[in-house]
Each structure stands twice: as structure tokens, then as C-alpha cells.
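K.L.:
Sequence and predicted structure are below.
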Amino acid sequence: MPLASLRTISYILGLFLIALAASMLVPMLTVIIDRHPEHLSAFTHSAAITVFAAVLLLRFGHRQRGVLRPRDMYLLTSLSWITVCVFAALPMVIIQEISYTDAFFETMSGITTTGSTILVGLDNAPSGLLIWRSILHWLGGIGFIGMAVAILPMLRIGGMRLFQTESSDWGDKVLPRSHMVAKYILLLYSLLTLLGFLAFWWAGMQPFDAINHAMASISTGGFSTSDSSLANWQQPAVHWVAVWLMILGSLPFTLLVAASRGNVGALWRDQQVRGFLSFLLITWVLLGTWLSAHSEHAWWDALRIVAVNVTSVVTTTGFALGDYTTWGGLAVLVFFYLTFVGGCSGSTAGGLKVFRFQVAYVLLKANLRLMIHPRAVLSQQYNHHTLDEDIIRSLVTFSFFFTITIGIIALGLALFGLDWVTALTGAATAVCNVGPGLGPIIGPAGNFSSLPDGAKWLLTVGMLLGRLEILTLFVPLTRAFWRH
Amino acid sequence: MSLSTLRIIGFILGVFLITLAIAMLIPMAGLLVLNQPQDLNAFLWASLITAVTGCFLVGQGRPKNATLRPRDMYLLTSASWIVVCTFGALPMMFIEHMSYTDAFFETMSGITTTGSTVLSGLDNLSPGLLLWRSLLQWLGGIGFIGMAVAILPLLRVGGMRLFQTESSDWGDKVMPRSHMAAKYIVLVYFTFTFSCIAAYLAAGMGWFDAINHALTTVSTGGYSTSDNSMGKFSDNAHWVAIPFMLLASLPFTLYVAAFRGSWRPLWRDQQVRGFLLILLAIWFVFTLWQWHSGDHQFLDALRLVMFNSTSIITGTGYAVGDYSLWGSFAFMIFFYIAFIGGCSGSTTGGLKIFRFQVALTLLRGNLKQMVHPRAVLIQKYNGHVLDEDIVRSILAFSFFFTITIGLLALALSLLGLDPITALTGAATAVCNVGPGLGDTIGPAGNFGSLPDLAKWLLSLGMLLGRLEIVTLLVLLTGTFWRH
């Protein structure tokens, strides 16, 4: 790792921190409007510390174009999430007087758009804190889209090369010619958030709740302003607005941009989008029918409740509408499976992502055929990309690492004394960036505050790993990375 | 699927059935020796029905100028397990007057060497029946080794092509030149069985128990003659079981070389080393943990841990005590290791060690490739190059494996089972282990109380697991039956 690369990385990190400090202005403004000036100092102090650190990084850093090689991006992405999280946790420590562990957990859960929370009494929490949590989601969401669109396809991560476009060039040049795309994505993201805010407001939320939920929905985050999450609002319209926003947040943003510029076909013809939407619809109908048969809900009510919860878990948002773990054994198992699905690649959603399942399906079908005609030459395609060996290998690697990571974290949690349902679903929900687990402690009706500190740190690592598609964080840990 | 192919398959199935009918003579002999002739009729009738069906199939004759193509082997292997299971269930139905569902489940669990049982009150059961259960496992064990050594490497099943040797030829000829190897493997299997009987006798078991447990140990089956499983017998018996379960989960082809005096292939084999290493690590960590947290002397902790973890990892399914009460850490470990399984080419089920090792090789290569995108890496396992074909088939296998367990668990929970029972039941069936976790099907429970449909689903799961899933799945594709 040459010094020049490190200095460039430091420079970029400094810029990120400045941006973070600037975004702390929003909660300051909120606090002033809300007439709670006693919370102002928390944010001013945090912003001051963050700016100070940023200046140090900028001083050490150096801006030099073209110094970063693709492999340096692994370090850059990993470090930027961690650094941002370290400083973004400050306001929580000051305002709520919680331990740094708790604040770090909550912040990581925020910027990875997971949505697991350790805070109780959200309904009466300071407005500055609530808006800060939502902003973390919102920033984390757009950050992840940027990463997934611009950086990951260049690296060999989990078959993401399938999403290389003309704007993400595979070569020694790192900065893609994607300024235009990036600008449009940011614009669209902000626009959708605004629309979401208006829709929530129209549906009956207070403006403050509407802003928070709009940010937490579009980023598929899941922090709410109430302990009972979406169940705090009885209006069905609120629930459907949330469903729509969550779905929009988990579609590929590059395609959304194309669609908003008139090319709706691009979105509609995309195999991943189709697979995702039909999967959601089928699950809604099946589970909704099952629920209406096994409870007193009318079919429409059941469908709405199922739609909110299923969409929330599949898109890895993590809102809850009632406690779905009380629906019976089948529901528990179904929601456990749904945790892993995730949205589309290039969105704010986590999980394994729909395209990996679809690619696997293509491979499985071809494999069965090859078993019968061993010498047949089949060209296997997904979304018009040929599935070459490279993509398959990285897909295998990703799936294995994903499984192993969840397995090991679950084992670690069990060592801390958690029961095995909490351990297993906690690990899964963290790595998939969903939010709630299953079981009485961390289920949709519970929260993470009672876990031991060690478990919280472990889950934090899990969330970060999940967000960075695991391998990004592992590569800097190999020796080959640091040689020459 | 041409008619002459079907006739050959019918002929071979007939031979298997006649063998099965002959095997039924053994429990009859057992009954005569133990002087309990009242159950003799059941076996006589079952044997007769099986033999008549077998003779009918064989009587159709074998077409002279037709050969089996590799793809026909999928049908042959799947059909033979199902047919044998169908008839192997007859004696149970006749003796215990249980439903055919229960008998089929028990038989499938036997010949797939799973070891899940629907029977309770084993201690007072007819000795003929007990012997028959053990015998089913023993036959299933040697049948699976044969399949894994001679047939699967030829087919594109889950990366098994890694185990193609000179004796298993990849081409249009199906019957490998492996008669010699087969003979030695059977010899090794017999040797293990007899030494195991002797060892159990030395450890203080009675003749009948020793024979039964030897049959189910070397096949990594797990049927016992007592409801307490091995808990009924002395500590010494547990110590005997551990090495024999281990021996049974190493690749039998390597024993052939060892038998001829060359121990090096066995010792140098990456899979064997990996397996032993994993076991040692689990024993070590787990024993320390159990000793530290518990009420046991060191030696007791060691014995309990070694016995139970070996039993689960090798897919045997014996239990000493109820390990699901050891706490959530132990619970997770036992849930995980059920998936591992032993080495390929042995009697064990599960994912098998080599798949984990291949995955590890790929992971390492992938990480290196991420740093040096243009490096050309040749990845090898046990001296075989990991080509694209193998990678794909391992990927396909792992996905099918996961999906099968997932769907099975979903279906079980639709039938009203609680999530733990559903998930661990599906896993234990597909991995051919035996006991699940939880109150109902845990090491202290049994499968008797499950609804009938759940039993059929689990039978299907056991069969899928034993046939490495894709072998059976390929029959369900449209392409298979065309031309």
C-alpha cells in the first residue's frame, strides 16, 4: 500500500466527515424549530469534533487524481463506513447519555439502513435525535446506492460484475464516467423522499413523523418515531404509502433514473425487477390468504398487514405492523426465510439480493440439463449477460461467505448466552440489514437494548459486513492486499 | 427412455429384490436361534412376496444388445432405493401391525442410514424386527458406498467428478472396471463389522446388542436396540463406538489401498485430514466448554462430547444423554455439524467434507483474485484441477441442498409442526443424521407422533439426501424423458 494511496484515501475520508458535519445542521435546525435548545449543544459539539477530525485528515491527505487503483477501493469503502459511523455516533452519546457501545450500534444500524434499535421510549424521544437517526438512514441509503452502482461492479464482488455498464469501466481507471448518472440518482432519491413525505402527510401522519418515515422508507432503513413502529398509525393509507416507498427504495436506481427520463421499458423489462415484484405479489397473496384463514382479519385487512410486514422484511426495511411472530409456526419460518431475500442490486436494500437467486436458478436449470446431455454446450444468460466462470466463482464465494458469516456470528452470540433463536435470527437480521429478528427479545415487538455489550459489537460487525457485501471488508484483511 | 433400457433396469431391480428376500433369511435365523418363532411367519411372507416380485422382474429377461447410458443410471439408482424400501417395509408392517406409512418411514430411515425412528419401546420389541432394522442400515451403508464409488463420479452430481479414478471411467461405458475394488470394499466392510462386534462384546454388551450395534455403527446408521440409544450401555461401549463411527466415515476406496499395505494414500488424502482436523477441533473446544461449564468430570465430558459430536457429524445418530439440554451454544453446534457429514465414498450423509474444502479453496482464490484481478490461478483439490464444471456442479448441489431443506421445513410447518421441529427435522432427514432438536424429535424423543404426511415428506427428504438430491431431481425434468 503506497503512501500516496493512503493520503488520497485520507483526503476523501476528510471530505466525507465534512459532509457529515454539514448534515448535522439539519437536526440543529429541527431542535431550534421544535424549541428544545437544550439539545442544540449535543449537535454543535459533535459537529465541532467531526470538523476537527476532518481537518486533520485533510491536512494529512493529498488530492491526487488517478492514484487509486481498483484494489484501493476496498480499503476506501470499508474505512469510510467505519469512520463516518464513529463520528456520527457522537450526538447520541451526548443527547441520550447512552454508552458509546449503544450509540455505535444505533449509528451503524442507521447508516447500514438496518433499523435494529436499542432505544426505548421513541415516542417521547428528543426530536433532534429522531431526525438524526432518520438522516443516518437516508445518507447510508444513498451512500450504498453510490457504492453499488459505481464501485462494486468494478471489483469482483459476489457476481456484481453483471451490473457493469458503460459507465462503470473495468480497468485501471477508477473514477467512472458516471457523474451524470450520479447526479440524476441523487436528484431522484431526493425527489422520491419529498414525494414520500407528502404522501405520508396526506395519509394522516404529522409532518415530523412523515419526514422521518419518508427517509426511513426510501432508504429501506426502518427506524420509526414510535416504539410500536407503523402500528402507531391506524390509517391503512399510511401503510400502503410505506409499502410503495419501500418497494421504490429496493428497485435498481439506475433503472429508475432511466424510467423517469422516459424509458419505462428499461425498468419493466429488467429481469431482476420482474422477479422481485412477482415474488412480492405471490408472497403477499399466499401469506395474506393464509393469515385471513387463521385469524379474524378480513381478507383485505390481512393482505394489508401481510403486505406491510412482508415488504418490510424482504426489502430489508424492518418496519413492523403488529407482531408477526405470534401468527404461528409457519409465519415464523416464512419470515426467517424472507430475511435473506433482499431487494434488487443497485438499490438501498440488503440481503442476498434477488439477482443472485435468479442467477442460481439459471445455473441450476442448466446443471440439470447438463446431467442428461453431458456434452451439450449451453450458453447461460442472465439479463442478456453471459454467465461466465468468473461470475459463477464470485457468486459461490459470496454465498459461502454470507452463510459462514451468519453462522459464526450466531455462534458468537450464543457464546454470550443468547438463546439460539435470538442468536440465529439476530445474526441473520444484522448481516442482511433487515432490522428485527425473531423471538421474544429482538422480535418485531422487542428491541436490542437488553443484549450484552459484546453481542452488540458483534452485531455491529455483522451489519457492516452485510452492507459491504462481506468480501470488501475481508480483502483488506488478506496478506496479499498489503504486499507491494 | 426406450423399452429395452427399462427392461434392463427392471432386471437389475429384480436382482436387488431377490437379494433383499435372501437378506430376510437372516432375521429368521436370528428368531430361530433366540427361540422366538412367533414372528417367523411375518418374515416368511414378506420374503415370499419380495422373492416372487423379484423373480417376475428377472424373468422378463435381459435384452442382449442393449446397454445403459450414463443418464439411465439416474433412473436406476433412484428406482432401486425406492423399490427396495417398498418391500423392505413389509416385515415391519406384518410384525408390529403398524401403518404402512410408519413402516415405510422406518425402512427408508434404515436403508438411507438415517436412524430416525417412529418406534418406541425398543427394549421389548421383537428381536427379529430389531435385527431387520439393523440389517437394513447395514445393507443401505454398503449400497451407498457402492453408489458413491462406482456410479456418482460418472454422473455430474455435486462435484463428485473429483473422485473419478482410473477405475471409474467417464464415457459411454457405464460399468466401471472396478470389480476388484468392489470386492475389497466389501471385504473391508465385513472386517469392520466383525471387529466392531468383537469390540462391543469385549466392552460388555450381549451378543444380540453387539451384533445390532455393530451393524448400525459401521453403516453410520444409528438404530439402537434401546429407547435410551447407547445411553443404556457402559462407558466402554461408547469408547468403542467412537473409532468405528470414524472409520466408517472415511473414504472406503482408500482403505482398499491401505488393505494392500500402502497407508500413505489414506494419510495423505486432503479430505481425511480435513475431517480429522475438524473433529479434533470440535472435540477440543467443546470438551473444554462442557468441562468448564458443567457438572462433569473431565473424562466424562470428553466421552459425552466425543461420542455425541462424532455421532452427529458422521450422521450416525446415536445419543448418550440429551445434548439439547446443554445450552444454546451446544444447540447451535449440534445444528451446524449435522450439515457437515463425513468423507465422500463412505456411508455418511450431509454435505461432505470435500465440498467445504473445495469451497475454501475457491474462497481463497477469489480473495486473491480480487487483489490481483488479472492473475491466472490454478485451483486444485487433492491434486485435481477445479474446473468450471466442478465448480458449477458444487454450486448447484449446495443450492439444491439448501432449497430442499428450506422447502421441506416450510411444508412441515404447514402441517402444524413448530419451527424448531420443522427446521431441524428437515435438516436431519436430508443430511441422514437421525435425531433433530427440540422436544418432539430431539435426541430424547422420536418421530412417532408426527402426522402421516410429515412422515412421507421426511421419507422423501431422506431419499433426496441419500441420492445427493440431483440424482432424483433430474428425473423430474422434461428433458430426461425426451427421446
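P.N.:
Okay, I see it. Numbers count the residues shown, from 1 in each chain, chains lettered A, B, ... in the order given.

K.L.:
can you pull the contacts of the residue nearest the centre of chain A?
P.N.:
By CA atoms, centre = their mean, chain A has its centre lying nearest to residue A:113, at 4.0 Å. By CB atoms under 8 Å, 6 or more residues apart in numbering or on different chains, residue A:113 lies in contact with A:137, A:140-141, A:144, A:219-222, A:316-317, A:348, A:350, A:433, A:467. (C-beta placed from N, C-alpha, C; glycine too.)

K.L.:
Is the nearest residue to residue A:437 once chain neighbours are set aside inside a helix or a strand, and which specific one?
P.N.:
Nearest residue to residue A:437, sequence neighbours excluded (CB to CB, 6 or more residues apart in numbering or on different chains): residue A:425, at 3.7 Å. For residue A:425, the host element (DSSP states H and E) is helix A:420-431.

K.L.:
How many residues are close by residue B:288?
P.N.:
By the measure other CB atoms under 10 Å in any protein chain shown, the count of residues near residue B:288 is 14.

K.L.:
List the buried residues of whichever helix or strand it is part of.
P.N.:
Using DSSP H and E, residue B:288 sits in helix B:270-293. Neighbour-count burial for helix B:270-293, with 16 or more other CB atoms under 10 Å in any protein chain shown as criterion, is recorded at B:270-272, B:274-275, B:278-279, B:282-283, B:286-287, B:289-291.

K.L.:
TSV please, covering the contacts of residue A:113 and showing neighbour count.
P.N.:
Formatted as TSV, the contacts of residue A:113 follow (neighbours: other CB atoms under 10 Å in any protein chain shown):
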residue	neighbour count
A:137	29
A:140	28
A:141	27
A:144	26
A:219	34
A:220	37
A:221	33
A:222	31
A:316	34
A:317	36
A:348	32
A:350	30
A:433	32
A:467	25
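
K.L.:
thinking residue A:419 is in contact with residue A:437, fair?
P.N.:
No: contact criterion CB atoms under 8 Å: residue A:419 and residue A:437 do not qualify, at 11.1 Å.

K.L.:
which ones are touching the residue of the stretch 1-150 of chain B found nearest chain A?
P.N.:
Proximity of the stretch 1-150 of chain B to chain A (CB to the nearest CB) peaks at residue B:71, 5.0 Å away. By CB under 8 Å, 6+ apart, the residues touching residue B:71 are A:371-372, B:474, B:480.

K.L.:
Output these as a markdown table; include the columns secondary structure and distance to residue B:100.
P.N.:
What follows is the contacts of residue B:71, written out as a markdown table (DSSP: H, G, I helix; E, B strand; the rest coil; distance: CB to CB, whole Å):
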| residue | secondary structure | distance to residue B:100 |
| --- | --- | --- |
| A:371 | helix | 32 |
| A:372 | helix | 33 |
| B:474 | helix | 28 |
| B:480 | helix | 29 |
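
K.L.:
of all the residues you listed, which comes closest to residue B:113?
P.N.:
Of all these, residue B:113 sits closest to residue B:474, with 22.6 Å by CB to CB.

K.L.:
Give me the pLDDT value at the closest one.
P.N.:
If you check residue B:474, the pLDDT there is 87.

K.L.:
Check residue B:228 too.
P.N.:
We have a pLDDT of 88 for residue B:228.

K.L.:
can you count the residues close to it?
P.N.:
Counted with other CB under 10 Å, residues neighbouring residue B:228 total 14.

K.L.:
Distance-wise, check the residue sitting furthest away from the middle of chain B relative to residue A:70.
P.N.:
In chain B, counting by CA atoms, centre = their mean, residue B:374 sits farthest out from the average C-alpha position, at 42.7 Å. Per CB to CB, to the nearest Å, residue B:374 is found 11 Å from residue A:70.

K.L.:
which residues do the two both contact?
P.N.:
Here residue B:374 and residue A:70 share no contacting residue, scored by CB under 8 Å, 6+ apart.

K.L.:
got the contact list for residue B:46?
P.N.:
Under the criterion of CB under 8 Å, 6+ apart, the neighbours of residue B:46 are B:24, B:87, B:90-91, B:94.

K.L.:
Chain neighbours aside, what residue packs nearest to it?
P.N.:
Per CB to CB, 6+ apart, closest to residue B:46 is residue B:90, 3.8 Å.

K.L.:
Could you list the low-confidence segments of the chain?
P.N.:
Looking at chain A here, since you left the chain open. A:1, A:64-67, A:156-179, A:484 (pLDDT under 70).

K.L.:
To clarify, I was referring to chain B.
P.N.:
Checking chain B against pLDDT under 70 turns up B:1, B:65-66, B:156, B:158, B:161-180, B:483.

K.L.:
Would you check that the residue nearest to residue A:437 makes contact with residue A:438?
P.N.:
Yes: judged on CB under 8 Å, residue A:425 makes contact with residue A:438 at a distance of 4.2 Å.

K.L.:
and for those two, which residues touch both?
P.N.:
Common contact partners of residue A:425 and residue A:438 (CB under 8 Å, 6+ apart): residue A:336.

K.L.:
just to revisit the earlier point, which residues are in contact with the helix holding residue B:288?
P.N.:
Defining contact as CB under 8 Å, 6+ apart, one finds that helix B:270-293 is touched by B:246, B:249-251, B:254, B:266-267, B:296, B:298, B:301-302, B:304-306, B:309-310, B:313, B:326-327, B:329-330, B:333, B:337, B:340, B:342-344, B:353-354, B:356-357, B:381-382.

K.L.:
Give me the angle between the lengthiest helix in chain A and helix A:420-431.
P.N.:
Longest helix in chain A by number of residues, with DSSP state H as the criterion: helix A:389-415. Here helix A:389-415 points in a direction 140 degrees away from that of helix A:420-431 (axes from the mean of the first three to the mean of the last three CA atoms, to 10 degrees).

K.L.:
quick one on the thing from earlier: helix, strand, or coil at the nearest residue in space to the residue nearest to the centre of chain A that is not next to it in sequence?
P.N.:
Of all residues not flanking residue A:113 in the chain, residue A:221 sits nearest, at 4.1 Å (CB to CB, 6+ apart). Assigned with DSSP: H, G, I helix; E, B strand; the rest coil, residue A:221 falls in the coil class.
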